[in-house]
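Asks: Just need the structure, nothing else, for what follows:
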Amino acid sequence: MTQSRTHNCNELRLSNAGEKVTLVGWYENLRKVSKNLGFLILRDFYGTTQIVVETEEMMEKLDGVNKESTISVTGTVRERSNKNTELPTGEIEVVPEGIEILGKCIYNALPFEINQSREADENTRLKYRYLDLRNPSVKSKIVLRSRIVAELRNKMNELGFLEITTPILTCSSPEGARDYLVPSRVHPGSFYGLPQSPQLYKQLLMCSGFDRYIQIARCFRDEDLRADRQPEFTQIDMELSFVDVDDVIEVNEKYLKKLFKEVLDVDVQLPIQRMTWQEAMDRFGSDKPDLRFGMELTDVTDVVKNCGFSVFTGAVENGGSVRGINAKGQGGMPRKKIDKLTAFVKDYGAKGLAYIAIQEDGSIKSSFAKFMTEEEMDALIKAMGAEAGDLLLFAADKNKVVWDSLGALRVELAKQLELLDKN
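Replies: Residues are numbered from 1 along each chain as shown. Presented below is the predicted three-dimensional model:
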């Protein structure tokens with residue numbers, strides 16, 4: 001019978017030297033030095049420990065055992081002569097007295113290396129999801145989510161919220177997408193609708209006098225997959241009685257401050273910066289703006305509304321606008337690259353991209369200069385705050401198209417120019 005493990009693979013330290021322990025985990029790697037000496041890396045959910053096999057009998061026991069097999073090791077902890085300071089367990093090793101193969105991996109060759117599963121083909125990762133989830137970087141995302149939920153429950157309980165679970169099998173209610181329908185066994189011909197959100201139930205709770213409600217709610221929407229859409233998702237759902245918008249924002253700010261401190265050890269200063277939707281769209285072309293860099297949108301509609309360039313004037317006459325961004329220091333960007341940026345914005349509904357490239361000597365190259373007078377060009381360049389070496393990029397269309405295309409373009413340029421600070 002297998003002895004229960006006494007420690008996990010990230011737990012042993014130098015203070016444990018001399019102790020008899022049992023570890024259980026996955027066979028990550030074995031470096032064979034000779035027929036009676038080898039270094040086995042054992043990994044579990046928590047980390048890794050080095051096992052030093054020093055007998056021919058033990059080495060034979062590992063013959064034919066594939067990577068990622070589940071094994072149990074009982075042995076004595078000792079100090080390592082060659083320490084690895086990069087590992088929490090790098091000062092010790094375990095010399096086994098017994099090794100038991102609990103579950104042999106059937107794959108002679110794994111479909112991908114565990115620590116490199118993120119680089120594998122996505123379909124392969126999904127097929128062997130149980131192996132993909134052993135990757136520490138993949139696993140860490142699930143651990144992070146669990147910590148976020150735990151902090152949510154703690155903080156919301158502190159703020160007087162009740163966690164209430166609302167029904168999943170319910171009546172269909174019109175919302176932003178199609179419902180998923182589940183046929184009823186006891187009422188043939190009738191169907192339940194899976195909730196797109198707990199909206200109706202939380203409003204009933206407010207009417208019933210439950211002052212503050214919170215739920216980690218599972219929601220279902222029968223719509224096509226997109227970058228920010230999936231058929232089922234989890235949302236933090238809350239409702240408060242007798243409050244205004246500032247009260248709701250304050251609750252969320254307090255939670256975010258605690259969350260960032262407890263999970264990431266980051267101090268968030270309150271109140272968090274706010275801006276109106278209109279300001280966000282006018283400055284950044286997005287209601288979720290990236291503030292890590294500049295390159296803000298500039299509205300030049302009034303500057304060009306009477307110019308000779310029909311693309312600009314036509315957009316204004318049709319109730320649209322003309323806006324631009326200044327890519328500082330990019331005046332020497334090759335035409336091929338500008339053409340690629342033009343193709344990029346077309347995915348967001350723009351018909352094209354007009355540009356002015358200001359050379360270091362002050363001369364300009366432009367896709368529309370021949371349609372405008374020198375005075376009109378000077379006024380446009382001045383309105384954009386441009387200097388020698390800058391690249392000015394313009395979109396002219398309905399406001400939504402201009403915002404969407406330039407908002408995405410500024411982020412794309414920031415990626416290409418490595419302006420996004422990961423910290």
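Asks: ok, Leu23 touching Asn10?
Replies: No. The pair Leu23 and Asn10 fails to qualify as a contact (C-beta atoms under 8 Å) at a distance of 10.3 Å. Yep, even glycine has a C-beta here, placed from its N, CA and C like the rest.
Asks: Next, show the common contact partners of the two.
Replies: By C-beta atoms under 8 Å, 6 or more residues apart in numbering, Leu23 and Asn10 have these common neighbours: 44, 49.
Asks: Looking at those two, which has the bigger crowd around it?
Replies: Taking other C-beta atoms under 10 Å, Leu23 and Asn10 do not tie; Leu23 has more neighbours (24 against 16).
Asks: can I assume the more buried one sits in a helix?
Replies: No. Remark: Leu23 does not belong to a helix; assigned using DSSP: H, G, I helix; E, B strand; the rest coil, it is strand.
Asks: Just the pLDDT for it.
Replies: Leu23 is assigned 97 on the pLDDT scale.
Asks: same for the biggest helix by length in the chain, what does it pack against?
Replies: Ranked by number of residues, the top helix in the chain under DSSP state H is helix 136-158. Using 3 or more C-beta pairs under 8 Å, 6 or more residues apart in numbering; DSSP states H and E, the elements in contact with helix 136-158 are strand 162-163, strand 212-220, helix 245-264.
Asks: tell me the most buried of these?
Replies: Between those, strand 212-220 has the highest mean count of neighbours, a mean of 19, where neighbours are mean count of other C-beta atoms under 10 Å.
Asks: pLDDT of that one, averaged?
Replies: Across strand 212-220, the per-residue pLDDT values average to 96.
Asks: quick one: that strand to helix 245-264, angle?
Replies: If you take axes from the mean of the first three to the mean of the last three C-alpha atoms, to 10 degrees, strand 212-220 sits at 70 degrees to helix 245-264.
Asks: Give the rounded mean pLDDT of the helix or strand following strand 212-220.
Replies: Once the chain leaves strand 212-220, the next helix or strand it forms, by DSSP states H and E, is strand 232-240. On average, the pLDDT along strand 232-240 is 94.
Asks: Quick one: work out the angle between strand 232-240 and helix 136-158.
Replies: Going by the same axes, to 10 degrees, strand 232-240 makes 20 degrees with helix 136-158.
Asks: What segments of the stretch 301-423 of the chain are helices?
Replies: All helices of the stretch 301-423 of the chain, identified by DSSP state H, counting those that start in this stretch, fall at 301-304, 310-317, 335-346, 374-383, 399-416.
Asks: closest to Arg323 out of those?
Replies: Smallest distance to Arg323 across these (C-beta to C-beta): 5.2 Å, for helix 399-416.
Asks: chain center to the closest one, what's the gap?
Replies: Helix 399-416 sits 20 Å away from the centroid of its parent chain (C-alpha atoms, centre = their mean, to the nearest Å).
Asks: for stretch 332-346, same thing?
Replies: Chain-centre distance of stretch 332-346: 28 Å, with C-alpha atoms, centre = their mean.
Asks: wait, isn't Asp247 in contact with Ser241?
Replies: No. The pair Asp247 / Ser241 is not scored as a contact, 10.1 Å apart, by C-beta under 8 Å.
Asks: Endpoint to endpoint, stretch 119-137 covers what distance?
Replies: Terminal residues of stretch 119-137 are spaced 12 Å apart (C-alpha to C-alpha, to the nearest Å).
Asks: what sits up against it?
Replies: Residues from elsewhere that reach stretch 119-137, judged by C-beta under 8 Å, 6+ apart: 26, 43, 68, 110-112, 114-118, 138-139, 142.
Asks: Show the buried residues in those residues.
Replies: Listed as buried from those are 26, 43, 68, 112, 114, 117, 138; burial here means 16 or more other C-beta atoms under 10 Å.
Asks: Determine which two of these are furthest apart.
Replies: Of all pairs drawn from those, the widest gap by C-beta to C-beta lies between Arg43 and Phe112 and measures 15.7 Å.
Asks: Find the residue at the geometric middle of the protein.
Replies: The residue lying closest to the centre of the chain (C-alpha atoms, centre = their mean) is Lys141, at 9.2 Å.
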